[in-house]
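[1] Build me a model:
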Amino acid sequence: MEHPEKLFDLVYFHEMDKKLDELSSLAEKENWDYQYTKTNQNKPVLFNYLQYTYQRLSQEEKIEISSCGQWLTFNTGLVTDNQESIFILCEKSSHHSPRAPWLFKAWKRKGEYEMQKFQTLPDMAHYFDDPSLLVFDCRKELVPNIEHMIADNKDRFPEPFNSMPNFTLQTLLNGAIDNAKERVRRNYKTAIPHYYKNKVQLLLPLCLSKPGRADLAIVVEYIKTSNAYRAATCLTLDMAYNNARQLARPDRDWLIP
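    Numbering: from 1, shown residues only. Here you go, the predicted structure:
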């Protein structure tokens, strides 16, 4: 059965901010707020996580409807402190609302009685088949397109770097990228996988102001035809964490919520 591409076209949430607080309280303790970006959205990382998780589950056809046709669920991919999976429980709307055909009812643990409404409970989202995509292979060349990175993403650079002449910034970036390659050579966990537009890519830290503190993240993608990595864009740390959290909570090496 096909479902809408967007979560809010499928499910109507009354008082969404409250629902996000409830899910955050039920799940393992985690910081779901941005650290550098101002926003009016409550728990923006969790808000985005739910939408993109649903999008992937819809692609994989992992949305389950009860045999009576009145209930819907999917696996959020989050767990409680006791490692019990958390599901969404929705009831079919009886008002033919144009907002969405299903109404949010509650976040439910796998073992709760209400989840017996379903013959089977769907699995969590799956994002990759090749585990090697999750690790940066230091034996392969990394080819950065620094001019493109600056031309398209200069507004993502913090002060004072976003006001520097392009040539000066390009020189700094070359050094920061070399340092990032050395850092991942010493610790493979430095390269953090993220998921974007149906592809797994890697994030590396760009330390421009201090050696151990990342100011930005560069996006590194393995290109099979050239057997090398390509880097043509950079992300703010909040953007990077958003994308990385889709796969898993990153280790606290440099990308910290």
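
[2] I figured Leu208 hits Ala176, correct?
    Yes - checked against C-beta atoms under 8 Å, the pair Leu208 and Ala176 is within contact range at 5.5 Å. C-betas here are computed from N, CA, C, even on glycine.

[3] check contacts around Ile218.
    For Ile218, the contact set (C-beta atoms under 8 Å, 6 or more residues apart in numbering) comprises 144, 149, 177, 180, 203-204, 206, 231, 233-235.

[4] Looking at those, which are in strands?
    The subset of these located in strands under the criterion DSSP state E comprises 144, 203-204, 206, 231, 233-235.

[5] ok, of those residues, which one's closest to Pro131?
    Proximity of those to Pro131 (C-beta to C-beta) peaks at Leu203, which lies at 17.1 Å.

[6] per-residue pLDDT, the closest one?
    If you check Leu203, the pLDDT there is 97.

[7] Equivalent analysis for Ser97, please.
    According to the per-residue confidence, Ser97 scores 62 in pLDDT.

[8] Also Asp251?
    Residue-level confidence at Asp251 comes out at 75, pLDDT.

[9] Three-state assignment for it, please.
    Each residue gets one of three states, and Asp251 gets coil by DSSP: H, G, I helix; E, B strand; the rest coil.

[10] Just give the number of residues close to it.
    Close neighbours of Asp251, defined as other C-beta atoms under 10 Å, add up to 12.

[11] What pLDDT is listed against the closest residue to it other than its chain neighbours?
    Spatially, and ignoring its direct neighbours in sequence, Asp251 is nearest to Lys189 (5.3 Å; C-beta to C-beta, 6 or more residues apart in numbering). According to the per-residue confidence, Lys189 scores 91 in pLDDT.

[12] gap between Lys189 and Lys29?
    21 Å (C-beta to C-beta, to the nearest Å).

[13] if you count what's nearby, which of those two comes out ahead?
    Ranked by neighbour count (other C-beta under 10 Å), Lys189 and Lys29 place Lys189 first, with 13 against 7.

[14] In the stretch 51-200 of the chain, where is pLDDT below threshold?
    For the stretch 51-200 of the chain, residues meeting the criterion pLDDT under 70 lie at 96-98.

[15] let's go with 80 and repeat that
    95-98 (pLDDT under 80).

[16] And the strands in it?
    Counting by DSSP state E, counting those that start in this stretch, the segments of the stretch 51-200 of the chain that form strands are 64-65, 71-79, 85-92, 102-109, 142-144, 192-196, 199-206.

[17] which residues in the stretch 1-150 of the chain form helices?
    With helices called from DSSP state H, counting those that start in this stretch, the stretch 1-150 of the chain shows them at 7-10, 16-26, 44-59, 146-153.

[18] To Ser66, which of the ones you listed lies closest?
    Shortest distance between Ser66 and the helices of the stretch 1-150 of the chain, using C-beta to C-beta, is found for helix 7-10: 15.3 Å.

[19] quick one: buried residues of the closest one?
    The neighbour-count check on helix 7-10 (16 or more other C-beta atoms under 10 Å) flags 7, 10 as buried.

[20] who does it touch, helix- and strand-wise?
    helix 44-59 (3 or more C-beta pairs under 8 Å, 6 or more residues apart in numbering; DSSP states H and E).

[21] Extract the C-alpha set from the helix it packs on and format it as PDB.
    Once non-C-alpha atoms are left out, helix 44-59 reads as follows in PDB (Å, rounded to 0.1, in the frame of the first residue of the first chain):
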ATOM      1  CA  PRO A  44      14.300  20.600  15.900                       C
ATOM      2  CA  VAL A  45      16.600  17.600  15.600                       C
ATOM      3  CA  LEU A  46      13.900  15.200  16.700                       C
ATOM      4  CA  PHE A  47      11.300  17.000  14.600                       C
ATOM      5  CA  ASN A  48      13.400  16.500  11.500                       C
ATOM      6  CA  TYR A  49      14.500  13.000  12.500                       C
ATOM      7  CA  LEU A  50      10.800  11.800  12.600                       C
ATOM      8  CA  GLN A  51      10.000  13.200   9.200                       C
ATOM      9  CA  TYR A  52      13.000  11.700   7.400                       C
ATOM     10  CA  THR A  53      12.700   8.400   9.300                       C
ATOM     11  CA  TYR A  54       9.100   8.200   8.100                       C
ATOM     12  CA  GLN A  55      10.200   9.100   4.600                       C
ATOM     13  CA  ARG A  56      12.600   6.200   4.500                       C
ATOM     14  CA  LEU A  57      10.100   3.700   6.100                       C
ATOM     15  CA  SER A  58       7.600   4.700   3.400                       C
ATOM     16  CA  GLN A  59      10.200   3.900   0.700                       C
END
